[in-house]
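*Asks:* For reference, the sequence and a predicted model appear below.
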Amino acid sequence: MTEKEKARKGLLYDNNHDKELLAERMRAKELCFDYNHLRPSQIVERNEILKELLGKTKSNFLIEQPFVCDQGYNIEIGENFYCNHNSVMLDAAKITFGDNVFIAPNCGFYTAGHPLDREQRNKGLEIAYPITIGNNVWIGGGVSILPGITIGNDAVIGAGSVVTKDIPSGVIAVGNPCRVLREITESDRDKYARE
């Protein structure tokens, strides 16, 4: 079994010495470098690089610069996807975003983790568990989402949260560790002034 196959199965794998994984990361980092050095107005060129880099895109998306990821091909974004500045996606495993996902600045999506055992960690072994973000999710600024997390549809994650456990649909969740604060209700429609 290759190191890449081990990673896909959620097993310990060597991400630091495997030539295939090293080459894939270098390719992604080169594309991220190119992306981050385009002018913000070069939308067509930016989207072309993202379509080459990411595993799946739809027609309407915007990822603000700078953006970095590990492999790129493990990231799938839905329709009407927006990701603000300074996003980091460590996509050793799949990161899947639904439709209408909005991500504030300085957020991290970390599928990769290291063993607690120092001998395994010092050998360069890692684990990778997928992250799944549902439809209509808003993730506030400075949020960290850890390996293996699922966030349900229509959820809001408060700024600065560290998401260590799954978050159900239709809730506001905040904190470190991130916990459900309350359900989103009809009264939330009237929270902000309108014409």
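*Replies:* Sure thing, it's come through.
*Asks:* check contacts around Gln65.
*Replies:* By C-beta atoms under 8 Å, 6 or more residues apart in numbering, the residues touching Gln65 are Tyr35, Asn36, Leu38, Pro40, Arg46, His85. C-beta coordinates here come from the backbone N, C-alpha and C atoms, glycine included.
*Asks:* Out of these, name the ones that lie in helices.
*Replies:* The helices, defined by DSSP state H, take in Tyr35, Asn36, Arg46 from these.
*Asks:* Just the element for the residue nearest the centre of the chain, please.
*Replies:* Centroid-nearest residue in the chain, with C-alpha atoms, centre = their mean: Phe109, separated by 3.7 Å. Using DSSP states H and E, Phe109 sits in strand 108-110.
*Asks:* Residues contacting that strand, please?
*Replies:* Outside strand 108-110, the residues that reach it (C-beta under 8 Å, 6+ apart) are Ser87, Val88, Met89, Leu90, Asp91, Ile95, Ile131, Val143, Ser144, Ile145, Leu146, Pro147.
*Asks:* Hmm, the second one is touching Val68, no?
*Replies:* So the one you mean is Val88. Yes. Contact status for Val88 versus Val68: in contact at 5.4 Å, counting by C-beta atoms under 8 Å.
*Asks:* Can you turn the buried part of the contacts of Gln65 into a ChimeraX selection?
*Replies:* This is the ChimeraX syntax for the buried subset of the contacts of Gln65, where burial follows 16 or more other C-beta atoms under 10 Å:
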select :35,46
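*Asks:* Now tabulate the contacts of Gln65 in CSV and tack on pLDDT.
*Replies:* Output for the contacts of Gln65, formatted as CSV (pLDDT from 0 to 100):
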residue, pLDDT
Tyr35, 98
Asn36, 98
Leu38, 98
Pro40, 95
Arg46, 97
His85, 98
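*Asks:* Distance to Asn153 for the contacts of Gln65 - can I get that in CSV?
*Replies:* Below are those laid out as CSV (distance: C-beta to C-beta, whole Å):
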residue, distance to Asn153
Tyr35, 29
Asn36, 31
Leu38, 33
Pro40, 31
Arg46, 28
His85, 25
